[in-house]
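S.K.: Just the structure for this:
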Amino acid sequence: MAQPIQIFIDADACPVKDETYRVAARYGLHVYVVANSFLNVPRESWIERVIVSDSFDAADDWIAERVGPGAIVVTADVPLASRCVKAGASVLSPTGKPFTDSSVGLALATRNLMQDLREAGAITGGPRPFSAKDRSAYLGALDRAVMRLRRAAPKTPD
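M.R.: Next comes the predicted model:
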């Protein structure tokens with residue numbers, strides 16, 4: 001039997017939790033909402049709140065240790081995305097940008113460069129605000145990821 005599709009949300013600063021719940025409900029998927037502090041989540045049997053310790057990278061570690069092919073991870077954390085891609089998971093940013101084998105290396109390099117520039121004082125602003133266009137792009141990307149995984153799942157004989 002094929003492993004069911006599961007969604008893992010790196011939830012502490014995720015702006016698309018509600019959108020993820022809507023897509024998961026439509027397809028009957030289990031969602032893990034992983035954070036290092038209490039978050040309100042809908043009371044549904046298919047949504048599981050996971051509270052990890054507040055140690056550095058505890059949520060990332062919890063997610064990375066459990067994902068593989070058939071999992072979808074929602075995160076803006078590039079190092080976590082890299083770990084999950086290596087494990088075979090489908091990874092999306094909250095803006096709908098997929099992290100893949102070919103894109104995650106560049107994303108890590110860009111992240112490290114930007115961090116160095118911020119620490120040197122060359123960049124003082126943060127990322128642009130999250131927009132309705134980002135939300136829409138995310139919904140489309142999540143729907144495509146679910147459909148791709150459903151098509152790739154081995155068919156069970158009747």
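
S.K.: Enumerate the beta-bridge partners assigned to residue 34.
M.R.: Per DSSP bridges, the residues bridged to residue 34 are residue 10, residue 50.

S.K.: any idea how far residue 102 is from it?
M.R.: 26 Å (C-beta to C-beta, to the nearest Å). Using the backbone N, CA and C atoms, a C-beta is placed for each residue, glycine as well.

S.K.: okay, these two: which has more neighbours?
M.R.: residue 34 (25 against 8; other C-beta atoms under 10 Å).

S.K.: if I read this right, the more buried one contacts residue 9, doesn't it?
M.R.: Yes: with contact defined as C-beta atoms under 8 Å, residue 34 reaches residue 9; the gap is 6.5 Å.

S.K.: May I see the buried residues of the longest helix anywhere in the chain?
M.R.: Of all segments of type helix in the chain, defined using DSSP state H, the longest is helix 132-152. By 16 or more other C-beta atoms under 10 Å, the buried positions in helix 132-152 come out as 134-135, 137-139, 141-142, 145-146, 149.

S.K.: Does anything pack onto that helix? Which helices or strands?
M.R.: Contact analysis of helix 132-152 by 3 or more C-beta pairs under 8 Å, 6 or more residues apart in numbering; DSSP states H and E lists helix 17-27, strand 71-74, strand 90-92 as its packing neighbours.
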